[in-house]
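J.: Structure for this input, please:
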Amino acid sequence: MSNLTHIRGSAAAHRIGCSCNINLPAKPKITPFSTPTTHAPASMFSSHSHSSWSRSYHALNLVSRGVIKSNSVALQSTFHSPCPTGTPAFSPSTNTNGNGNGNGSATPSVHVPTPTSPSTFRFLSTLVGAPLRRKVTTLDVQIMKDKGKKISMVTAYTYPSAVHVDSADIDVLLVGDSVGMVEQGQATTLPVTVDELIYHCKSVSRGAERALLVADLPFGSYESSPQQAYATATRFLKEAGMDCVKLEGGAQFAAHVRALVEGGVAVMGHIGLTPQRISVLGGFRAQGKTLAAAQSLLADALALQDAGAFAIVLECVPAEVGDVITRSLRIPTIGIGAGPYTSGQVLVYHDLLGMFEHAHHAKVAPRFCKTYAPIGAMIQKALEEFKDEVVSQSFPSDKFSPYKLKDDEERKKFAAWAKQHLEEIERTKKTEDANTTSISQTDDTINLYGQDKKPTK
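T.: From the prediction side, this is the model:
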């Protein structure tokens, strides 16, 4: 046990909520000049070693508190290597060294080999409901750009969709003003208000723990001045739990971006097709289709970068324009209908899942959207099947009627009462029907104005 730290009744044991004996691997002291030694596996010195060891100790804490069982397959898979030959991963061992009770009783002993990949920890976190993943930040997005790793981004508006997006390890989650068109049935994004979007942002922030959360600044909430932009943006961070904001427009809003960044609000820019300016653009039209237009977009992107934006969305521009702009910037670009050369890609949750089957969505869904699953058709089919089963009385069957009266005696008492009660209901109904027939046969009728009127003969 030269490479194990034995914790018994110590302050460390109490910190992990445990009064039993737990054998933990010695946590190595890592310095910039550390090299693997015979006292610790070489894999412990990987780039994830420090966080992995923290998660290992957290996993043992869950065992000690009874949150998960010590023989859980999921917990055993939390570690790379099997236990030494002849030693089970989780087994009781007899305490012969004394732990204060003096009776040599069996206490749990847990052998912890080398931690495994982060994906296993995500599974463990799902199992026990404990967040074990690190939050994505604006710095992470920049590092991905620098390393040439593509950035994934999805636009979503609700708690359930946020849970799905976060579970898929999407890097960035945008709560966009496109909610007006996608969920409110509006023809444009212009009617969406700050309060409406804050409501959706609150729902999303409760469902996503890992993704970088970005909120759109709605039309009319930031354009008039940097002060207005700052007042609106801080609401999304303070009230709705967002990490940063996105605003549409180029160089003309560089001062707004600078004011936000200097005030502590991270900003994502948005150029190309800017839906909030539909009345100026003359509709939802692709941008940057001429040399002059492409150069203007590049100037806008550089101005936003210089003002402090951490990333820029490029919407509906030719692929080669997106390529040049991306290669000209230090910060990442996120493309939507902008070709494959941007630093990342974004699609709307409903679009990529094919959620809609009706004419409104067909009218507003852009041509660049790829459908990854026919969820809309599946939803439609399920709803139609539900209606058919209700009409045919095949639903609910006994399988979906699980609740029963307490016992036979209660069933007998209920049956006797129900018979009497329903007979009384039937007698009352017959009396009401007789009275209704009598009224309908009278010679007098009452018109809409409450005056008696004899029917014309």
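J.: Could you list which residues are in contact with residue 319?
T.: 338, 339, 340, 341 (C-beta atoms under 8 Å, 6 or more residues apart in numbering). For the C-beta atoms, the positions are set from N, CA and C on the backbone; glycine is no exception.
J.: With residue 369 instead?
T.: Contacts of residue 369 (C-beta under 8 Å, 6+ apart): 347, 348, 351, 352.
J.: Residue 215 versus the residue nearest to residue 262 when sequence neighbours are not counted, what's the distance?
T.: The shortest distance from residue 262 to any non-neighbouring residue, by C-beta to C-beta, 6 or more residues apart in numbering, is to residue 308 (7.5 Å). Taking C-beta to C-beta, to the nearest Å as the measure, residue 308 and residue 215 are separated by 17 Å.
J.: Which one's more surrounded, these two?
T.: Neighbour count, other C-beta atoms under 10 Å: between residue 308 and residue 215, residue 215 has more, with 30 against 18.
J.: Make sure I have this right: that one is in a helix.
T.: No. Using DSSP: H, G, I helix; E, B strand; the rest coil, the assignment for residue 215 is strand, not a helix.
J.: Is it in contact with residue 242, as I believe?
T.: Yes. Counting by C-beta atoms under 8 Å, residue 215 touches residue 242, with 4.2 Å between them.
J.: Identify the contacts common to those two.
T.: Contacts common to residue 215 and residue 242, judged by C-beta under 8 Å, 6+ apart, are 175, 201, 236.
J.: Mind listing the residues bridging to the first one?
T.: Right, the one you point to is residue 175. residue 215 (DSSP bridges).
J.: who's in contact with stretch 234-241?
T.: The list of residues contacting stretch 234-241 from outside it, by C-beta under 8 Å, 6+ apart, reads 194, 197-198, 201-202, 205-206, 213, 215, 217, 242-245, 263, 265.
J.: Now it: buried residues?
T.: 235, 236, 237, 240, 241 (16 or more other C-beta atoms under 10 Å).
J.: Check the secondary structure at residue 222 for me.
T.: Residue 222 ends up coil, using three-state DSSP.
J.: Could you find the closest non-adjacent residue to it?
T.: residue 229 is the one closest to residue 222 (C-beta to C-beta, 6+ apart), at 3.7 Å.
J.: any idea which element that neighbour lies in?
T.: helix 226-240 (DSSP states H and E).
J.: Can I get the contacts of residue 319 in JSON lines including neighbour count and pLDDT?
T.: Shown next, in JSON lines, are those (neighbours: other C-beta atoms under 10 Å; pLDDT from 0 to 100):
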{"residue": "338", "neighbour count": "29", "pLDDT": "96"}
{"residue": "339", "neighbour count": "17", "pLDDT": "95"}
{"residue": "340", "neighbour count": "10", "pLDDT": "97"}
{"residue": "341", "neighbour count": "17", "pLDDT": "97"}
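J.: Among the residues you listed, name the ones in helices.
T.: Counted as lying in helices by DSSP state H, out of the contacts of residue 319, is not a single one.
J.: will you turn those into JSON lines that also has distance to residue 296?
T.: Conversion of those to JSON lines gives the following (distance: C-beta to C-beta, whole Å):
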{"residue": "338", "distance to residue 296": "15"}
{"residue": "339", "distance to residue 296": "18"}
{"residue": "340", "distance to residue 296": "23"}
{"residue": "341", "distance to residue 296": "19"}
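J.: Please report phi then psi for residue 248.
T.: Backbone torsions of residue 248, given as degrees, to the nearest 10, read phi -90, psi 140.
J.: which residues touch it?
T.: Residues near residue 248 by C-beta under 8 Å, 6+ apart: 217, 270, 271, 274, 275, 276, 277.
J.: farthest-separated two in these?
T.: 217 and 271 (14.5 Å; C-beta to C-beta).
J.: on that earlier part again, surely the residue nearest to residue 222 meets residue 256?
T.: Yes. Here residue 229 reaches residue 256: they are 4.4 Å apart, a contact under C-beta under 8 Å.
J.: What is the neighbour count of residue 388?
T.: 11.
J.: er, residue 400 actually
T.: 7.
J.: quick one on the thing from earlier: just the closest of the contacts of residue 248 to residue 301, please.
T.: Within these, the smallest distance to residue 301 is 6.1 Å, found for residue 271 (C-beta to C-beta).
J.: in which helix or strand would I find the closest one?
T.: Assigned by DSSP H and E, residue 271 falls in strand 267-272.
J.: All set, thanks.
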